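**Q** Sequence first, predicted coordinates after that:
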Amino acid sequence: MKIGILKTGHAPDIVLGELGDYEVMFADLLAGHGFEFEAYNIVDEEFPDGPDAADGWLITGSKHGAYEDHPWIPPLEQLIRDIYADGRPLVGVCFGHQIIAQALGGKVEKFAGGWQVGVTDYEIEGQTLPLNAWHQDQVTALPEGAEVVGTSDACQYAALLYGNRIYTVQPHPEFTATMVDRLIHHRAPGVVPDDLLKEAVAKLDRPTANDVIAARMAEFLKRGA
């Protein structure tokens, strides 16, 4: 089964040699589930020919906001609607979670409560799952047809399900402790408040449930197909 990875950003230069870009992180996350992958640099305006270019789709995170004025965002939103109409399974993570909601009629904004960073407990489909957060934006109004299947104390719409067609999560199951550590020290200073960074550093050694979400994503992609 071929999964098209729609890259809406690039990993920081500091981690490229160590962890690879986002398509490598997701390939590592979903290893062992029988997928092959093809990545498209959406952020650089590289698009697939259409929904049938892959059997299923995944939209990555990004440093950009879904509501920002970038030339690649409108065609990405149209591609999302085309994939949804076509019925091929689509998974979104962080920015992917947000842009899918926006493309289908929801709203994304900077959260009044500020940043969420580091290991955070989410209630997702009846389980308490510690997962890495790294976001300030959130989905603040749901599109029609979206079912809330995950939440946290500071993120009301942390996981959404759109029938058997789309599954999205706000946290980053593809982020390891190493990735979060590099973000804390190389991307966050001057952007994320120091007290939140200290809390995130203190939780770097806490185990995450990345494998649980990886299995759920893989199951969804296979069942949706």
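**A** Happy to help now that I have it.

**Q** contacts, neighbours, all on C-alpha from now
**A** Will do.

**Q** now for the helix or strand containing residue 196, which elements pack on it?
**A** When elements are defined using DSSP states H and E, residue 196 is found to belong to helix 194-202. Applying 3 or more C-alpha pairs under 8 Å, 6 or more residues apart in numbering; DSSP states H and E, one finds that helix 194-202 contacts strand 116-124, helix 177-186.

**Q** most tightly surrounded among these?
**A** Per-residue neighbour counts averaged over each of the helices and strands packed on helix 194-202 give the maximum for strand 116-124, namely a mean of 22 (mean count of other C-alpha atoms under 10 Å).

**Q** Starting from the helix holding residue 196, tell me the next helix or strand along the chain.
**A** Following the chain from helix 194-202 toward its C-terminal end, the next helix or strand by DSSP H and E is helix 210-224.

**Q** Could you list the residues in contact with that next one?
**A** Around helix 210-224, the neighbours that count as contacts under C-alpha atoms under 8 Å, 6 or more residues apart in numbering are 29-30, 33, 56, 87-91, 131, 164-165, 167, 173-174.

**Q** how about 6 Å then?
**A** Counting by C-alpha atoms under 6 Å, 6 or more residues apart in numbering, helix 210-224 makes contact with 30, 89, 164, 165, 173, all of which sit outside it.

**Q** what angle sits between the helix holding residue 196 and helix 177-186?
**A** With axes from the mean of the first three to the mean of the last three C-alpha atoms, to 10 degrees applied, the angle from helix 194-202 to helix 177-186 works out at 150 degrees.

**Q** In this structure, where is pLDDT below threshold?
**A** Across the chain, the ranges flagged by pLDDT under 70 are 224-225.

**Q** which residue ranges form the strands in it?
**A** Taking DSSP state E, the strands of the chain run over residues 2-7, 36-41, 56-59, 90-93, 107-110, 116-124, 127-135, 137-141, 147-152, 155-162, 166-169.

**Q** helices and strands around the first one, which ones?
**A** Meaning strand 2-7. For strand 2-7, the contact count by 3 or more C-alpha pairs under 6 Å, 6 or more residues apart in numbering; DSSP states H and E identifies strand 36-41, strand 56-59 as packing neighbours.

**Q** Using neighbour counts, pick out the buried residues of that strand.
**A** Within strand 2-7, the residues that qualify as buried are 3, 4, 5, 6, 7, counting by 16 or more other C-alpha atoms under 10 Å.

**Q** Go through those residues and say which is closest to residue 68.
**A** When those are compared for distance to residue 68 (C-alpha to C-alpha), residue 7 wins out at 16.3 Å.

**Q** Enumerate every residue touching the spatially most central residue of the chain.
**A** Centre of the chain computed as the mean C-alpha position; nearest residue by C-alpha atoms, centre = their mean is residue 93, 1.3 Å away. Contact partners of residue 93, counting by C-alpha under 6 Å, 6+ apart, are 60, 61, 168, 169, 170.

**Q** neighbours around the closest residue in space to the third one that isn't next to it in sequence, how many?
**A** By that I understand residue 168. With C-alpha to C-alpha, 6 or more residues apart in numbering as the criterion, residue 168 has its nearest non-adjacent residue at 4.4 Å, and that residue is residue 92. By the measure other C-alpha atoms under 10 Å, the count of residues near residue 92 is 26.
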